[in-house]
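Student: Based on what follows, work out the 3D shape:
(2 chains)
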Amino acid sequence: MAYQNKKFFNRRKICRFCVDDDLNMDYKEPKALKQFITERGKIIPRRITGTCAKHQRVLSTTIKRARHIALLPYVGKF
Amino acid sequence: MRKYETIFISNSDLQEKNQKELFEKAQNVITQQGGDIIDFDEWGNKKLAYQINKKSHGFYVCMTYGGDGKIVAELERIFRLDDNIMKFMTILKEEVVDLEAEKEKIKNKAETKIETETVTDVDDDAEFENEVETE
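Tutor: Predicted structure coming up:
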């Protein structure tokens, strides 16, 4: 429980997709999606990037689609 | 008419004739079943992020078309049977499509690309003309 209290008031980041309406997530552009995956290809959790829940769900489906089409790797460097 | 987007990866080792036949086959499937092709974008050879069928390069094509669910089922059936198509993915973009507006949008995008290229050429000519006049 003490661990939870420490992380409770973390930095309150703003979701960059809520702020800027022009940013559209497209699975066909892996360069834009690279910001949201780690070096090993894993999706970064939203408490670190600061995106809101709705956009994180959309983002994860676009990353998974890009992986299916071999524009992003499932595992490994890109 | 619904707007679908299908992206598929075909074998990059194919000869041009066979490639063209393949693409025409895919396009005919759509038009014969009553759909309308909005855009047929060939991206060319790209390196794959992981090996598919032990190949590291593939020829990407992105098709945008309007149609029903039956067209999608038929198209995917043909993709599955063909060995030269390694992967495909279909996404529903919009429920209702205005075909002419979509085609115009794509024409406008292509035109703006061509315009930006020609504008730079025109500027170079103007500079040369000015130099000649001062002399």
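Student: what are the ranges of the strands in chain B?
Tutor: B:2-11, B:36-52, B:55-67, B:85-94 (DSSP state E).
Student: First-to-last residue distance for stretch A:34-41?
Tutor: 9 Å (Cα to Cα, to the nearest Å).
Student: right, is it up against chain B?
Tutor: No - Stretch A:34-41 lies apart from chain B when judged by Cβ under 8 Å from any Cβ of the partner chain; the minimum separation is 8.6 Å. Quick note: C-beta positions are derived from backbone N, CA and C, even for glycine.
Student: does stretch B:9-21 come close to chain A?
Tutor: Yes - on the criterion Cβ under 8 Å from any Cβ, stretch B:9-21 is in touch with chain A at residue B:9.
Student: who are the neighbours in contact with the residue nearest to the spatial centre of chain B?
Tutor: For chain B, residue B:41 is the residue whose C-alpha lies nearest the centre (Cα atoms, centre = their mean; 1.1 Å). Contact analysis of residue B:41 by Cβ atoms under 8 Å, 6 or more residues apart in numbering or on different chains lists B:61, B:62, B:63, B:64.
Student: roughly how far apart are it and residue B:66?
Tutor: Distance, residue B:41 to residue B:66, using Cβ to Cβ, to the nearest Å: 15 Å.
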